[in-house]
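*Asks:* Structure of the sequence below:
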Amino acid sequence: MSSAQSISARELHAVDLRQALIIDVRSPMEYSEKRLATPTAFAPVTDLDPHDAALRSGALEDTPILVLCRSGARAKVAAEKFMQSGFSNVRFIEGGLDACQQEGFATVGEGASKTGPPSLDRQVRLVAGAMILTFSLLGFFVHQAFFLGALFVGAGLVFAGITNTCGMALLLMRAPWNQKGASCALGKSCSIGAAKAGNNATSKDTGKSPGTSCQ
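*Replies:* Here you go, the predicted structure:
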């Protein structure tokens, strides 16, 4: 089976999003913080059941499905799952959040919380850095075999950079603090257009403005 194809954020402007299903596969924390204003299904990649997500959204096997995450890596993994489940018209949004932000798609959400956990990227850097530091100190003061742990973590970071796939990020998505604040239950579809008016929007639900982002 061929790998999932990508679509750029710029190309989304030419797509009739009312006829397609956009599935956000980020963590509940990320989804609650900011999300695409266009109606979007929510199904974290760590718990993704393609058939269940499609059923809840009324999608058929040939319905155009666009998978979205923050940067595109998790979306590609999720798109592959859909293709393996028999869905024929699946693409992941290349560049995800960052690319959509440059293209000016409107978003809604609660906004970043000052007391909430850091972003997933920051969590990965914090954990990886702490592990390398810990293994290095243990290697100096306890036994040199601990240096292998630091080497393993470093190799994992290199692999993540080359493949744009991070196993640590997928594991951290399951952490309890990243499961809080979801606007919709895990694995269930959620219409962004039905978001409460109390949510802080970075721009109006219709139209686009520079500096907003798509998640």
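*Asks:* so where's the chain shaky on pLDDT?
*Replies:* Within the chain, the ranges that satisfy pLDDT under 70 run 1-2, 110-117, 164, 179-215.
*Asks:* Give me the buried stretch members for the longest helix anywhere in it, please.
*Replies:* Identified as the longest helix of the chain according to DSSP state H is helix 120-141. For helix 120-141, a neighbour-count test (16 or more other C-beta atoms under 10 Å) marks 120, 123-124, 127-128, 131-132, 135-136, 138-139 as buried. Every C-beta, even on glycine, is put in place using the N, C-alpha and C of the backbone.
*Asks:* Output the contacting helices and strands for it.
*Replies:* Helix 120-141 sits against helix 147-163, helix 167-172, with contacts defined as 3 or more C-beta pairs under 8 Å, 6 or more residues apart in numbering; DSSP states H and E.
*Asks:* Could you point out which of those sits nearest residue 106?
*Replies:* Taking C-beta to C-beta, helix 167-172 is the member of those nearest to residue 106, at 26.1 Å.
*Asks:* Could you name the helices and strands sitting against the closest one?
*Replies:* Taking 3+ C-beta pairs under 8 Å, 6+ apart as contact, the helices and strands that helix 167-172 lies on are helix 73-84, helix 120-141, helix 147-163.
*Asks:* Make JSON lines out of these and add distance to residue 60.
*Replies:* Below are the helices and strands packed on helix 167-172 laid out as JSON lines (distance: least, C-beta to C-beta, whole Å):
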{"stretch": "helix 73-84", "distance to residue 60": "12"}
{"stretch": "helix 120-141", "distance to residue 60": "32"}
{"stretch": "helix 147-163", "distance to residue 60": "32"}
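*Asks:* which one of those helices lies closest to residue 171?
*Replies:* Across the helices and strands packed on helix 167-172, residue 171 has its closest neighbour in helix 120-141 (9.1 Å, C-beta to C-beta).
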